[in-house]
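Participant: No sequence on hand, only this structure:
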């Protein structure tokens, strides 16, 4: 069950889920975000602060109607290091309580009133280690 005191998850980086692509792009530009590019209903950002950490790569994902539906924050290293994962996990537990889902695919929380979700994962691929935080509505 979602933690009763958890905030709802209805926005990311100040952009409300459901906001249109062009409006989001203008917001990001005028608020100083480092836009790396955009294509196929995704806006790519670099070096984005979230949870008192800097995330190398961020993807804001939009549906076929051009509305923001989720975001992925990705951090990559060349060696295994659980520091970031543990720090993010502890931060999310403080805000959203105990995870509601924990399986091979990741650990997930719901926002207050079961509005929105957050999933934290870690994996490696060809000697690169990734911590990924996915947030959606």
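Facilitator: Cool, the structure landed. Since this is a predicted model, take the numbers as computed values, not measurements. Numbering: from 1, shown residues only.

Participant: Look up the pLDDT of residue 1 for me, please.
Facilitator: Listed pLDDT for residue 1 reads 68.

Participant: What helices and strands are in contact with the helix or strand of the chain with the lowest mean pLDDT?
Facilitator: Taking mean pLDDT, DSSP states H and E as the measure, the helices and strands of the chain show their lowest mean at strand 101-103, namely a mean of 91. Judged by 3 or more CB pairs under 8 Å, 6 or more residues apart in numbering; DSSP states H and E, strand 101-103 is in contact with strand 106-110. (Each C-beta comes from the backbone N, C-alpha and C, glycine too.)

Participant: If we go by neighbour counts, what in the lengthiest helix in the chain is buried?
Facilitator: Criterion DSSP state H: the longest helix present in the chain is helix 83-96. Residues 84-85, 88-89, 91-92, 95-96 are the ones in helix 83-96 that count as buried (16 or more other CB atoms under 10 Å).

Participant: Now compare those residues and name the two farthest from each other.
Facilitator: Using CB to CB, the buried residues of helix 83-96 reach their maximum pairwise distance at 84 and 96, which is 17.9 Å.

Participant: I'd assumed residue 24 was in contact with residue 14.
Facilitator: No - between residue 14 and residue 24 there is no contact under CB atoms under 8 Å: 9.8 Å.

Participant: which of those two has more neighbours?
Facilitator: residue 24 (22 against 11; other CB atoms under 10 Å).

Participant: Just want to check the distance between the closest residue in space to that one that isn't next to it in sequence and residue 25.
Facilitator: In this structure, residue 24 finds its nearest non-sequential neighbour in residue 15, 5.2 Å apart by CB to CB, 6 or more residues apart in numbering. Distance of residue 15 to residue 25, computed by CB to CB, to the nearest Å: 10 Å.

Participant: Likewise for residue 33?
Facilitator: Distance from residue 33 to residue 25, by CB to CB: 10 Å.

Participant: This completes my enquiry, with thanks.
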